[in-house]
Each structure stands twice: as structure tokens, then as C-alpha cells.
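Chemist: kindly return the folded structure for what I paste below:
(2 chains)
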Amino acid sequence: DIQMTQSPSSLSASVGDRVTITCQASQDIGKNLNWYQQKPGKAPELLIYDASNLQTGVPSRFSGSGSDTDFTLTISSLQPEDFATYHCQQYDNLPRTFGPGTKVDFK
Amino acid sequence: QVQLQESGPGLVKPSETLSLTCTVSGGSISRYYWSWVRQPAGKGLEWIGRIYSSGTTNYNPSLRSRVTMSVDTSKNQFSLKLNSATAADTAVYYCCRVTDRAYMDVWGIGTTVTVSS
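Modeler: Below you'll find the predicted structure:
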């Protein structure tokens, strides 16, 4: 299985901050990576697919980059509704695997 | 707008079979993959497997010996069975649609299953 790691596991930030979350794959997955946002008690929602493509309806303050083994999710200016947990997921191989998640909360 | 709804018992006894159904509304189940993902309380997401509308399946090797997925296109439903349940199977179970680009773009709200006597 491809192992996915994320850092940090949690972070505290303020509204307006620039936030960066990293995701690393245990082997080369090209750009076969998705990012999901999950709010407490809710299902995950797709944010970014193919490492850098914004899902329809997702605000442009979200962006994704990277390839091969190293990926980044950036929120350019954190908004109150962005406090959530963010998960990366690879789809290069079966089984699909997720990172452990990064929780973004209020400073 | 496609919506998914999980249904099934919220409480399962150890060693029994956990059974869930996902009903697809607002769209056809055909020509898509459909997945099950679970999340134990306070933990990360685990991919259980996927089924294509034709019935082709792929399972997570960690669960393969206990998992069966099926699809009923006439009812626009797909199902999950996990036998020999243990407390480690206690989680929120989500069903979701998988696009041809392999991302999960529509999710059910999730259903909590507790394995306990």
C-alpha cells in the first residue's frame, strides 16, 4: 500500500492567515492526489483533484501543488468557514489511501 | 443533483455481519464506481473498497477476507457487508461516488455503526 503522511497534524491560525499543509506519499504517485475538507460531524468534501485542480464551487483562496511524492495545500487567506480537517488521498494505486488529516483550528 | 443516503443497523453484535445500503437519488448508478469509506471516532479515513455499476469490485486487502459489495441497478442502490465484525469495525461509514477521474465527488452524510454486545 502507498502510505500517505501529512504535516502538521494540527495547526492554530487566525482569520486572514496564509496556511500551508503538506502531504507526502511513500512512492511516486505523479499528480494522482486529491484533497478533501471535513468539518466536525460532516462528511468530507472534495476540494482539489489531480493535485492542483479546484473542484467546482471551491473558493479560489484554496490551491494545490506538487507532484511525485510531495504535495501542498494552501489557503491564501483563512476564513472562518475554513476551520476544519484536511485530508489528502492518493489514487495512483489500489487500495486508495488517505493521509491522517490536518486539523486547522482557531489560534 | 445526486444525493447518497446510507442505511442499516446502528448496532451490530461482535462476530455478526455489518450490513449497509447506500441509496442513490437524483441520478443514475450506472457508469460510475461507488465506494465505501469509514472513519473511527477521532481517526482518519479508511477506504474499504469500490464497486462498478456492472458489479466489478476492488477491496482493501486489509478487509478483503471479510468484505462483500454488491449493486442493484434496478433500485439504484449498492451495499456493503462486513462479516465477523469486531469492536475495531466501530466507525462512521460513508458511501460515495467516484468519478472517472478517480475522485470522490459526492458523499453520503454517513452512518454510525457500533459493534458491541
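Chemist: quick one: contacts for the closest residue in space to B:P61 that isn't next to it in sequence?
Modeler: Spatial nearest neighbour of B:P61, excluding adjacent residues (CB to CB, 6 or more residues apart in numbering or on different chains): A:P95 at 6.4 Å. The C-beta positions use only the backbone N, C-alpha and C, and glycine is treated the same way. Residues counted as contacts of A:P95 (CB atoms under 8 Å, 6 or more residues apart in numbering or on different chains) are A:1, B:47, B:49, B:58-62.
Chemist: okay if I get those residues as a markdown table plus neighbour count and pLDDT?
Modeler: Shown next, in a markdown table, are the contacts of A:P95 (neighbours: other CB atoms under 10 Å in any protein chain shown; pLDDT from 0 to 100):
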| residue | neighbour count | pLDDT |
| --- | --- | --- |
| A:D1 | 14 | 96 |
| B:W47 | 24 | 98 |
| B:G49 | 23 | 97 |
| B:N58 | 17 | 96 |
| B:Y59 | 20 | 98 |
| B:N60 | 20 | 98 |
| B:P61 | 11 | 97 |
| B:S62 | 13 | 97 |
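Chemist: pLDDT on the helix or strand harbouring B:W34, on average?
Modeler: Using DSSP states H and E, B:W34 sits in strand B:33-39. The average pLDDT for strand B:33-39 rounds to 98.
Chemist: beyond the helix or strand hosting B:F78, next helix or strand please.
Modeler: Following DSSP H and E, one finds B:F78 within strand B:77-82. The first helix or strand that comes after strand B:77-82 along the chain, using DSSP H and E, is strand B:91-98.
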